[in-house]
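>>> The following block contains a protein sequence and its predicted model.
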Amino acid sequence: MRRVAAGEAGIVPRWEHEAMSALLLERLVEKAGIPLSLYFSSAADVRAQLRFVTLLIRGIEDSEPWPEDVGRGEDKRFLCDIVANKRSGIDVDKLDYLVRDSMAAFGAGGRLPGFDIHRIITSARVLTRCERVGSVRFREVCFQMKVALDINMVYQLRAMLHRQVYQHRMANVAEAMITDLLEAANACFVMRGRDPSETISLSDAAQDPDCFVRLTDGVLESINTQPNQVGLARAQRLYERLQQRNFYRPVGHPVQLETRPRCRACDRPTEIDHRFCAHCGKSLRVRRHVIESNGKTQLPWLAALSAEQAKSHFPFPPLCHT
């Protein structure tokens, strides 16, 4: 999430979905009045259990010390590998979204997603690590060798989804336009806060669990339907461009400079070590733009070009506005 201005508060803190998941859980228990104390021995134990669930959502690195306020000892560290495995990345969260996204993007036909999720889960075992981390031997979630190909397919599917879906060129462009739209609307567009009589900006709503659950795709439509305001004009123009698929366009493209010597007969580039032209068959004993000096092949014509000559030889495309 790119940083945006939040009124006079300055810069919005970095948003992480794991932290928001923990806030949503605590707010859900509080708002629904779930009597967790009936399931645990004391109120203090309830807070420890909530902190432990938050730890499961966030995950923990091997280098991190085990927290003392989660109601369990370090022998339960392996439980953090189930939802957010910081070691191998194979956890139920990743398996869930890979299967869901691959079926949504590529369809349910064939062998997609390419691995048997139930086979991976049933092969999981909790083993004690041979080497020590500091003075402790951790227990961790491991998988049998027979599912090595399935595990490999998990990584392959993730890489494919990033190439073809998550990091697709047009997906990145649309994401940039939506981000610019929200930034442009943040100063003027407000929504209902936790209290119905209060209003809150978009950037502040992203930090509040009660307001965050209302940040759906409908926010974009709400911005577009607002009366004409000076602050929302740019955001509404961006929304219309998204609807029309009038995406941002690049202001330039890479230019490849041809540095190979050219044949005098057909004026085509040739390889430096060829004796005859591969296009016309003529001898390359004498070629344009190449001289021999101290046994080295040089291209003085390229280095000697002026700025105007370089423009005529290698024309760049005109810049265009987004």
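Happy to help now that I have it.

>>> All the strands of this structure, in order from the start?
124-128, 139-143, 190-192, 199-201, 291-293, 296-298 (DSSP state E).

>>> Quick one: the ones you listed as JSON lines, columns for mean pLDDT, mean neighbour count and distance to residue 258 too.
No exception for glycine: its C-beta is placed from N, CA and C like everyone else's. Below are the strands of the chain laid out as JSON lines (pLDDT from 0 to 100; neighbours: other C-beta atoms under 10 Å; distance: least, C-beta to C-beta, whole Å):
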{"stretch": "strand 124-128", "mean pLDDT": "92", "mean neighbour count": "12", "distance to residue 258": "56"}
{"stretch": "strand 139-143", "mean pLDDT": "91", "mean neighbour count": "18", "distance to residue 258": "52"}
{"stretch": "strand 190-192", "mean pLDDT": "89", "mean neighbour count": "15", "distance to residue 258": "56"}
{"stretch": "strand 199-201", "mean pLDDT": "90", "mean neighbour count": "18", "distance to residue 258": "53"}
{"stretch": "strand 291-293", "mean pLDDT": "47", "mean neighbour count": "9", "distance to residue 258": "18"}
{"stretch": "strand 296-298", "mean pLDDT": "49", "mean neighbour count": "11", "distance to residue 258": "15"}
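
>>> right, so of those, which gets closest to residue 22?
strand 199-201 (20.5 Å; C-beta to C-beta).

>>> State the distance from residue 202 to residue 140.
According to C-beta to C-beta, to the nearest Å, residue 202 stands 41 Å off from residue 140.

>>> Let me fix that, I meant to ask about residue 235.
As for residue 235, its distance to residue 140 is 47 Å (criterion: C-beta to C-beta).

>>> How about residue 256?
Applying C-beta to C-beta to residue 256 and residue 140 gives a distance of 49 Å.

>>> likewise residue 243?
As judged by C-beta to C-beta, residue 243 and residue 140 stand 49 Å apart.

>>> Below-threshold pLDDT in the stretch 101-250 of the chain: ranges please.
108-113, 132-136 (pLDDT under 70).

>>> and the gap between residue 124 and residue 200?
43 Å.

>>> I'd like the mean pLDDT over stretch 19-35, please.
The predicted model assigns stretch 19-35 a mean pLDDT of 87.

>>> Show residues contacting that stretch.
36, 50, 53, 54, 57, 58, 209, 210, 212, 213 (C-beta atoms under 8 Å, 6 or more residues apart in numbering).

>>> how about that stretch: buried residues?
For stretch 19-35, burial by neighbour count (16 or more other C-beta atoms under 10 Å) applies to 20, 21, 22, 24, 26, 27.

>>> how close does the first one get to residue 60?
The spacing between residue 20 and residue 60, counted by C-beta to C-beta, is 18 Å.

>>> just residue 151 next, same as before
Taking C-beta to C-beta, one finds residue 151 at 21 Å from residue 60.

>>> Please name the spatially closest residue to residue 211 (chain neighbours excluded).
residue 205 (3.7 Å; C-beta to C-beta, 6 or more residues apart in numbering).

>>> Now do the contacts for the one you found.
So residue 205 contacts 191, 193, 211, 212, 214, 215 (C-beta under 8 Å, 6+ apart).

>>> Correct me if wrong: the first one contacts residue 204.
The reference is to residue 191. No. Assessed by C-beta atoms under 8 Å, residue 191 is found out of contact with residue 204, at 9.6 Å.

>>> shared neighbours of the two, which are they?
Counting by C-beta under 8 Å, 6+ apart, the common neighbours of residue 191 and residue 204 are residue 211.

>>> Show me which residues of the longest helix anywhere in the chain are buried.
Assignment by DSSP state H gives helix 169-186 as the longest helix of the chain. For helix 169-186, a neighbour-count test (16+ other C-beta under 10 Å) marks 177, 180, 181, 182, 183, 184, 185, 186 as buried.

>>> before we move on, the earlier item: between the buried residues of stretch 19-35, which sits nearest residue 73?
Nearest to residue 73 among the buried residues of stretch 19-35: residue 22, at 21.3 Å, using C-beta to C-beta.

>>> Any figure for the gap between the closest one and residue 200?
In terms of C-beta to C-beta, residue 22 sits 20 Å off from residue 200.

>>> cool, and residue 260?
Distance from residue 260 to residue 200, by C-beta to C-beta: 62 Å.

>>> next one: residue 77
39 Å.

>>> again with residue 187
13 Å.

>>> Helices of the stretch 101-250 of the chain, start to end?
117-122, 148-161, 169-186, 202-205, 209-212, 218-225, 233-243 (DSSP state H, counting those that start in this stretch).

>>> Of these, flag the one that's most buried.
helix 202-205 (a mean of 21; mean count of other C-beta atoms under 10 Å).

>>> The longest helix of the chain versus helix 218-225: what angle between them?
60 degrees (axes from the mean of the first three to the mean of the last three C-alpha atoms, to 10 degrees).

>>> 501 is where my numbering starts, stick with that
Shifting the count to begin at 501 puts that one at helix 669-686.

>>> contact partners of helix 669-686?
502, 504-506, 665, 701-703, 720, 723, 731-732, 734-735, 738-739, 741-742, 747-748.
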